[in-house]
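A.B. asks: Quick check, what structure comes out for this input:
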Amino acid sequence: MGNITLSVDKEVIKKVRRIALEKDTTLTALVRDYLNQMADSVDARQLQDANALRKNFRKLSRPMGKRDWMRDDLYE
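C.D. replies: This is a model prediction of the structure:
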């Protein structure tokens, strides 16, 4: 697990520590959970977008028929 260093206003730290105490956890655990949730939501969004793209591709694709031509034939 990696470490990060953050600069945060002292009043914000006090408030979040109080929240952490109320939730029976630590400030570090709250930050870790928040970052994990953010990463998971980005992964979920990318998967959702990829699935939507595949669905649209299947929906909009049309049969092109058999390819019985060569690229050079197009220039004649």
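A.B. asks: helix/strand/coil for the residue most central in space within the chain?
C.D. replies: For the chain, Val42 is the residue whose C-alpha lies nearest the centre (C-alpha atoms, centre = their mean; 1.6 Å). Three-state call for Val42 (DSSP: H, G, I helix; E, B strand; the rest coil): helix.
A.B. asks: same question, Asp33
C.D. replies: helix.
A.B. asks: How about Thr25?
C.D. replies: Applying three-state DSSP: Thr25 is coil.
A.B. asks: What about it, how many residues nearby?
C.D. replies: By other C-beta atoms under 10 Å, the residues close to Thr25 number 13. (C-beta placed from N, C-alpha, C; glycine too.)
A.B. asks: Please apply the same query to Val31.
C.D. replies: Considering only other C-beta under 10 Å, Val31 is surrounded by 15 other residues.
A.B. asks: pLDDT value on Glu76, please?
C.D. replies: Here the pLDDT value assigned to Glu76 is 68.
A.B. asks: same thing with Pro63?
C.D. replies: At Pro63, the model reports a pLDDT of 84.
A.B. asks: Would you map the helices across the chain?
C.D. replies: All helices of the chain, identified by DSSP state H, fall at 10-22, 27-60.
A.B. asks: For the shortest one, what is the distance to the chain centroid?
C.D. replies: Spelled out, it's helix 10-22. When distances are taken as C-alpha atoms, centre = their mean, to the nearest Å, helix 10-22 is centred 28 Å away from the chain's centroid.
A.B. asks: repeat for stretch 39-58
C.D. replies: On C-alpha atoms, centre = their mean, the centre of stretch 39-58 falls 9 Å from that of its chain.
A.B. asks: Quick check: buried residues in it?
C.D. replies: By neighbour count on 16 or more other C-beta atoms under 10 Å, the buried set for stretch 39-58 is empty.
A.B. asks: Next, count neighbours for Thr26.
C.D. replies: Thr26: 13 neighbours (other C-beta under 10 Å).
A.B. asks: All good on my end, thank you.
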